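> How does the following fold in three dimensions:
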Amino acid sequence: MSTTETVTYDPYDWEIDADPYPTFKRLRDEAPLYFNEQYEFFAVSRFDDVEKVSLDWRTYSSARGSVLEMIKMGVQIPPGSILFEDPPSHDLHRSLLSRVFTPKRMNALDGQIRAFCAESLDPLVGTGGFDFIEHLGSYMPMRAIGMLIGIPEEDQKALRERFDEGFNMKEDGGMPDSYETLNALTGEIDHYLDWRVKNPSDDLMTELLNIEFDDDGTTRRLSREELLGYIGLLIGAGNETTTRLIGWTGKVLADYPDQRAEIAANFDLVPQAIEEILRFEAPSPVQARYVMEDVEHHGTTVPEGSVLLALTAAGNRDERKFEDPDVLNIHRKADRHLTFGYGIHHCLGAALARLEGRIALEEVLKRWPTWEVDWDHAEQAHTTTVRGWERLPVLTP
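Below is the predicted model of the structure:
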C-alpha cells in the first residue's frame, strides 16, 4: 500500500473533482488500497475490488450511510432508505418498493417523459442554444419522479435545490453538513404526507401510505419514519443521478462529434451510447461503506470499524477490465460497468434512469443533431454524492 506522499486523493478537493481520472489511474496503479490520514478512510479503485465491495454487504455495510461524511458524523437515517440499510430491514423495504416501482410502470412513462422534454425544448428551437441542465437535466427527471411520487409541480424545483445545497462541497474543502440537509428534507416530506393522507391519488405516495405487508408474522403498514425514508430516497436518487447523466451526455457527445453523428443517423445506437456514457462518466462516482470485520486488500488489513470508499468511476476506467477505457466508444460492449452497483444495492431505478437518458438524447437529437458547449458560461457542480454539471449551455445551429 502506498502512502499519501506518493498519491493523494481528497474527495472534497474541487480540483480533483473537476477531473479525477489522472488521480484514479495513479490510485489503481500505485495504491490499489489507499489510506487518507486526514479523513481516515481507505479506498479501492480497481474494477474487481469495487465489484467485490458492492457484492459483500456483510463485510461492507451500508447501514450507517453510503456517503463518507454521513458515516463520520453518525447521521440518523430513517428506516426505508434502502441505500442506507442492510438485510433484513433492507430486504423488507426493498421488496415493498419493488411492488410499486415496477418495470411496467416505468415503461408506461415513455410518452409523458417525452412530453416533458417537448414542453421544455420546443420553445428553444431556433434560438441558437439551450442548457442541458436548466432546460432538461434539472427539469425532466424531477417532473417524472415528482409525478410518480405525488409531489406538487410547483414544489419540485425547490426540493431538488434543497437536496443539492446540503451536499455541495465547500470551495475551500472539508465536509458538508449532510445532517442538516436530511432534517430539512424530512420536514418537507412530512408536510406532503399529511396532505396526501387527506387527498389520496394515483401515485406512489398514496400506495405506500396504504400498502399492507407481513412483518415477521404481523400484518402492518409502513410507519411514519419508514414513509419518510422512502420518499426522501426517491426524491434524491430518482432525480440527481439522471440529471448528471443528461449533463454528461451533452458534454461527452460534444467531445465526440463523429460518434454523435452516428447516433443522430441511427437511433438504434442510443441505448448502447447511453450505456457507454454511464461507464465513461459515472454520475455517482464514489460509494462509502462501514467495514464490519477485518478484511484484507492487496496484502494490507483494513480493520473493523474503518470507512472504505469504493471508487466506482475509477473502476469503470480500469484498463484491466476495459480496452482503451479513457476513450468513449459507443460500440463497446460495456455490459458490466459499475455505475448502477451490484448485489442487494443494485439501483432499483436503473430502468427509469436508462429510459430517461435515452429519451433525453433522442429528443435533443431530433431538434439539434449538432451542438458545441459554451464553455464561457458552463459551470461544474461539486457535491459529495454525484458528479456533473450545474450549468451546461450549448450553442446550436
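
> Please count neighbours and contacts with C-alpha atoms only from this point.
Noted.

> which residues sit in contact with the residue nearest the centre of the chain?
For the chain, T241 is the residue whose C-alpha lies nearest the centre (Cα atoms, centre = their mean; 3.3 Å). Residues in contact with T241 (Cα atoms under 8 Å, 6 or more residues apart in numbering) are P283, S284, A353, V386.

> May I ask which helix or strand encompasses it?
helix 240-255 (DSSP states H and E).

> and that helix, C-alpha only, in CSV?
The C-alpha trace of helix 240-255 is given here as CSV (Å, rounded to 0.1, in the frame of the first residue of the first chain):
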residue,chain,number,x,y,z
GLU,A,240,-29.9,13.6,-9.0
THR,A,241,-28.1,10.8,-10.9
THR,A,242,-30.3,11.2,-14.0
THR,A,243,-29.7,15.0,-14.0
ARG,A,244,-26.0,14.3,-14.1
LEU,A,245,-26.3,11.6,-16.8
ILE,A,246,-28.1,14.1,-19.1
GLY,A,247,-25.4,16.7,-18.5
TRP,A,248,-22.6,14.3,-19.2
THR,A,249,-24.5,13.2,-22.4
GLY,A,250,-24.3,16.8,-23.7
LYS,A,251,-20.7,17.3,-22.7
VAL,A,252,-19.3,13.9,-23.9
LEU,A,253,-21.1,13.9,-27.2
ALA,A,254,-19.8,17.4,-27.9
ASP,A,255,-16.3,16.0,-27.3
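
> and H382, helix, strand or coil?
The local conformation at H382, judged by DSSP: H, G, I helix; E, B strand; the rest coil, is strand.

> pLDDT (mean, whole number) over the helix holding T241?
Per-region confidence: helix 240-255 scores 95 on mean pLDDT.

> tell me which residues form a beta bridge with F41?
For F41, the beta-bridge partners are N36 (DSSP bridges).

> Look up how far W368 lies from the residue nearest to the centre of the chain.
Using Cα to Cα, to the nearest Å, T241 is found at 24 Å from W368.

> Past the helix holding T241, which element shows up next along the chain?
helix 257-265.

> if we look at that following helix, which residues are touching it?
L253, A254, L269, V270, A273, N329, I330, L365, K366, P369, T370.

> The residue lying closest to R196 once chain neighbours are set aside: which element?
Of all residues not flanking R196 in the chain, T206 sits nearest, at 6.7 Å (Cα to Cα, 6 or more residues apart in numbering). Assessed by DSSP H and E, T206 sits inside helix 204-210.

> Packing partners of that helix?
Applying 3 or more Cα pairs under 8 Å, 6 or more residues apart in numbering; DSSP states H and E, one finds that helix 204-210 contacts helix 140-149, helix 178-198, helix 224-237.

> Indicate which one of these is closest to D48.
Proximity to D48 (Cα to Cα) singles out helix 224-237 among these, at 24.9 Å.

> what residues does that closest one touch?
Contacts of helix 224-237 (Cα under 8 Å, 6+ apart): 77-83, 142, 145-146, 149, 160, 163, 185-186, 189-190, 205, 208-209.

> now swap in stretch 87-98 and tell me
Against stretch 87-98 from outside (Cα under 8 Å, 6+ apart): P79, G80, I82, D215, L348.

> who wins for proximity to R28 among the helices and strands packed on helix 204-210?
helix 224-237 (27.9 Å).

> Okay, now the unreliable bits of the chain?
Residues of the chain meeting the criterion pLDDT under 70: 1-5, 160-187, 334-335.

> And for it, the residue most distant from the center?
Largest centre distance within the chain, by Cα atoms, centre = their mean: G217, 35.2 Å.

> Quickly note the distance from that residue to V386.
Relative to V386, and taking Cα to Cα, G217 is found at 39 Å.

> And D255, by the same measure?
From D255 to V386 the distance is 21 Å (Cα to Cα).

> Repeat that for T241.
The value you get for T241 to V386, if Cα to Cα is used, is 7 Å.

> cool, D17 as well?
Distance from D17 to V386, by Cα to Cα: 10 Å.

> With L311 instead?
12 Å.

> swap in A144?
19 Å.

> cool, and S306?
On the measure of Cα to Cα, S306 and V386 end up 22 Å apart.

> what's near enough to touch the closest residue to I344 other than its chain neighbours?
Using Cα to Cα, 6+ apart and skipping the chain neighbours, the partner closest in space to I344 is L55 (7.3 Å). Shown in contact with L55 (Cα under 8 Å, 6+ apart): Y342, G343, I344.

> Including neighbour count, could the residues you listed go into a markdown table?
Below are those laid out as a markdown table (neighbours: other Cα atoms under 10 Å):
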| residue | neighbour count |
| --- | --- |
| Y342 | 18 |
| G343 | 13 |
| I344 | 19 |
